[in-house]
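> Everything below, folded, please.
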Amino acid sequence: MKIATLFQKQKIMRTVLLSLVPVSLMAVYLFGWRILMLAAFVALAAVISEYLVMRTINKEKTRVSEAAFVSAALFTLTLPPQTPVWVAVVGIVFGIVFGKAVFGGFGRNIFNPALVGRCFIYIAFPHYMTMSWAQPFLSLPGGFAAWTVAADAVTSATPIITYNLGGALAGNLQLFLGSVAGTLGETSALLILLGGAFLLYKNVASWQLMASAIISGVGLAAILHYAGVTHQTGVLAAPPLFTLLSGGFLFGAVFMVTDPVSAPKSKTAQWIAGSLVGLITVVIRSFSLFTEGMMFAILIVNALTPLIELQLKQRQDKKKLAAKEAAA
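I've put the predicted structure just below:
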């Protein structure tokens, strides 16, 4: 089979990949060129695993969706900088196979494959996902002149973990620009917002999903914070702006919630689903030991989306039937 015919061409997916370029370059600047090697191995593993599974389903015409590259890129950007290659490969293979291919391939999965893979390794290999965070390069030329951060340039916590443990609150400007420890794609709120603006300009992502997730999450965070609610570690619930700019909240709201396959299709369902993601994220962050509220929230809402859409459709059908009966 020729390479050109191996992939199912999807212009939307290429647009998503373009929107991730600034965030990816920022990741290289902060943490070094190693992340491109990590991304390459993840992408290769995603393509091979999808091809092998889909070949068992349709041996006559096996094609890999270009969405596999998007899943691989998003998955990579949710990883800590020093994640071992083998852990990343295990994660993306699990995500592609059990989050996508077993449902029948592209367009049939109800869960976001990138988050299925990340959730698996987050639970299976917590040490690599939660215990060691690289301190980013903060001066030019940064990671553009390095393979990776030095072995001793490691911090034990991201801004949100530090705050939950009673540490100092990271500056909003730091969080906005991205000069903080964190996963590869979550650091710079500015570049995430630019990527989101590009997706909206190209009509690839739903602004309703982005807006509802952000508004509900920030709104609940404000209520909890100013009401004096405390985290179970004893610290005051995180301020709303800090909640928005830290812990991958924006990255999830812009790139993950808006997944065109697992996200709901109707505008009403999008407002409901996005709002639930924001609320559940803040609840998990505020009342549990997990800082990965966005990841769990999206997967929970992915599972609820078919039910939400079914209930809305049934309600619309009842209204139409009632209107017809009234007209008769």
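> Do a quick rundown of the strands in this protein.
Using DSSP state E, the strands of the chain run over 7-8, 64-65, 133-134, 154-155.
> which one of those strands lies closest to residue 284?
strand 133-134 (19.7 Å; C-beta to C-beta). For every residue, glycine as well, the C-beta is placed using N, CA and C.
> Tell me which stretches of the stretch 101-250 of the chain form helices.
113-124, 126-130, 159-164, 172-177, 189-201, 207-226, 240-245, 249-251 (DSSP state H, counting those that start in this stretch).
> which helices and strands sit right next to the last one?
The criterion is 3 or more C-beta pairs under 8 Å, 6 or more residues apart in numbering; DSSP states H and E, and the helices and strands that helix 249-251 contacts are helix 189-201, helix 293-327.
> rank those helices by mean pLDDT and give me the bottom one.
Ranked by mean pLDDT, the helices and strands packed on helix 249-251 end with helix 293-327 at the bottom, a mean of 89.
> could you check the angle helix 113-124 makes with it?
Interaxial angle of helix 293-327 relative to helix 113-124 (axes from the mean of the first three to the mean of the last three C-alpha atoms, to 10 degrees): 130 degrees.
> Could you list the buried residues of helix 293-327?
Judged by neighbour count using 16 or more other C-beta atoms under 10 Å, the buried positions of helix 293-327 are 293-299, 301-302, 304-305, 308-309.
> Let me know the closest of these to residue 118.
Among these, and counting by C-beta to C-beta, the member closest to residue 118 is residue 295, at 6.2 Å.
> isn't that closest one right up against residue 122?
Yes - taking contacts as C-beta atoms under 8 Å, residue 295 lies within contact range of residue 122: 7.2 Å.
> returning to what we had before: take the buried residues of helix 293-327 and lay them out in TSV including distance to residue 222.
Output for the buried residues of helix 293-327, formatted as TSV (distance: C-beta to C-beta, whole Å):
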residue	distance to residue 222
293	16
294	17
295	22
296	21
297	18
298	21
299	25
301	21
302	26
304	25
305	27
308	25
309	30
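> any low-confidence regions in the stretch 201-328 of the chain?
328 (pLDDT under 70).
> about what we covered before: would you turn the helices and strands packed on helix 249-251 into TSV with distance to residue 38?
Output for those, formatted as TSV (distance: least, C-beta to C-beta, whole Å):
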stretch	distance to residue 38
helix 189-201	19
helix 293-327	19
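> now for those, which one comes closest to residue 220?
Each of the helices and strands packed on helix 249-251 has some distance to residue 220 by C-beta to C-beta; the shortest is helix 293-327, at 11.0 Å.
> so that closest one versus helix 207-226, what angle?
Computed by the same axes, to 10 degrees, the angle between helix 293-327 and helix 207-226 is 120 degrees.
> So which elements touch helix 293-327?
So helix 293-327, by 3+ C-beta pairs under 8 Å, 6+ apart, packs with helix 113-124, helix 249-251, helix 267-287.
> Out of the ones you listed, flag the one nearest residue 259.
So among the helices and strands packed on helix 293-327, helix 113-124 is nearest, using C-beta to C-beta, at 8.2 Å.
> mean confidence for that closest one?
On average, helix 113-124 scores 95.
> circling back to that earlier point, next, give me the two most distant ones among the buried residues of helix 293-327.
293 and 309 (23.8 Å).
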